[in-house]
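**Student:** dropping a prediction and its sequence here:
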Amino acid sequence: MRIVVLLGAPGAGKGTQAHVLAERLGLPRIATGDLFRAAVREGTPRGVEAQGYMERGALVPDEVTVAMLLERLALPDAAGGAILDGFPRTRAQAEALDAALHGRATGVEAALLIDVPVADLLARLSGRWLCAAAGHPYHETADAPRVAGVCDIDGSPLIQRDDDRPEVVRARLEKQLGALGDVVGHYRAAGLLQIVDGSRPIDDVTAALLEALGEPLAELPRS
Ligand code: AMP
């Protein structure tokens, strides 16, 4: 089982890179943010519980988040592993993941930190749009779609997340950067952390991530 953890602040490019890595490695991308948004849309008890935290730009409590992630990881398509996007976000989540994987005689293969300066994160997040169907990410200046408001990949409309509005972005960053530091410390101590410079062009970041995983660079899909 191949579990790769992608780490980075909101807006560091985790979503973009997770899509590419998942395709390249033939593993599902599991994003706890997407799972929570689906739960909110469907009005499940978990969605109802998560909604208030998400609207405030706060982290959903660990217990709820860990239970949801482990349920998803137990589905058949993740039998060979997964790219984790947005999980773990706290030290307790990282420890819970370690314990669950240890129970299956495996562990996290690598934790890849996509590192981007805070000032760049603020600029990136305020211009972010996602496609309604699959969450493919775009940016109004840095990575615009070919047709305004329409996903290049699946043709669905682009939407701005409520929590990508500027006033929420700043609160979300401040709350989450501290916790990210804890998770980075956890994987550094375990000898699993690799840091990639995320301020470079998307394809260069992908190449650096694949290199960190020991993957050959040929046949890199164009983003
Ligand atoms: P994301 O799409 O990863 O930015 O997540 C959107 C929101 O979902 C976050 O602001 C949190 O409220 C919640 N969320 C996603 N992943 C986690 C996590 N691992 N732990 C706690 N809350 C999370």
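**Tutor:** Noted; the coordinates are in hand. Residues are numbered from 1 along each chain as shown.
**Student:** which strand of the protein spans the most residues?
**Tutor:** Ordering each strand of the chain by length in residues (DSSP state E) puts strand 108-115 first.
**Student:** does the ligand sit close to the helix or strand that it is followed by?
**Tutor:** Counting by DSSP states H and E, the element after strand 108-115 in chain order, helix or strand, is helix 118-126. No: against the ligand, helix 118-126 shows no contacts by Cβ under 6 Å from any ligand atom, the least distance being 9.4 Å. (Glycine included, C-beta is placed from N, CA and C.)
**Student:** please shift the residue numbers so they start at 44 in all later answers.
**Tutor:** New numbering, starting at 44: the last item is helix 161-169.
**Student:** buried residues in helix 161-169, which are they?
**Tutor:** By 16 or more other Cβ atoms under 10 Å, the buried positions in helix 161-169 come out as 164, 167-169.
**Student:** near the ligand, which residues of the chain show up?
**Tutor:** Residues of the chain lying near the ligand (Cβ under 6 Å from any ligand atom): 53, 75-76, 79, 96-97, 100-103, 108, 129-130, 132, 136, 206, 215.
**Student:** helices - which of those residues land there?
**Tutor:** 75-76, 79, 96-97, 108, 136, 215 (DSSP state H).
**Student:** out of the helices and strands in this protein, which is least certain?
**Tutor:** Lowest on mean pLDDT, DSSP states H and E among the helices and strands of the chain sits helix 161-169, with a mean of 83.
**Student:** alpha carbons only: can I get that helix in PDB?
**Tutor:** The C-alpha trace of helix 161-169 is given here as PDB (Å, rounded to 0.1, in the frame of the first residue of the first chain):
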ATOM      1  CA  VAL A 161       2.700  33.500   2.800                       C
ATOM      2  CA  ALA A 162       2.400  36.700   0.700                       C
ATOM      3  CA  ASP A 163       2.100  34.500  -2.400                       C
ATOM      4  CA  LEU A 164      -0.500  32.300  -0.800                       C
ATOM      5  CA  LEU A 165      -2.800  35.300  -0.100                       C
ATOM      6  CA  ALA A 166      -2.600  36.500  -3.700                       C
ATOM      7  CA  ARG A 167      -3.200  33.000  -5.100                       C
ATOM      8  CA  LEU A 168      -6.100  32.100  -2.900                       C
ATOM      9  CA  SER A 169      -8.100  35.200  -3.600                       C
END
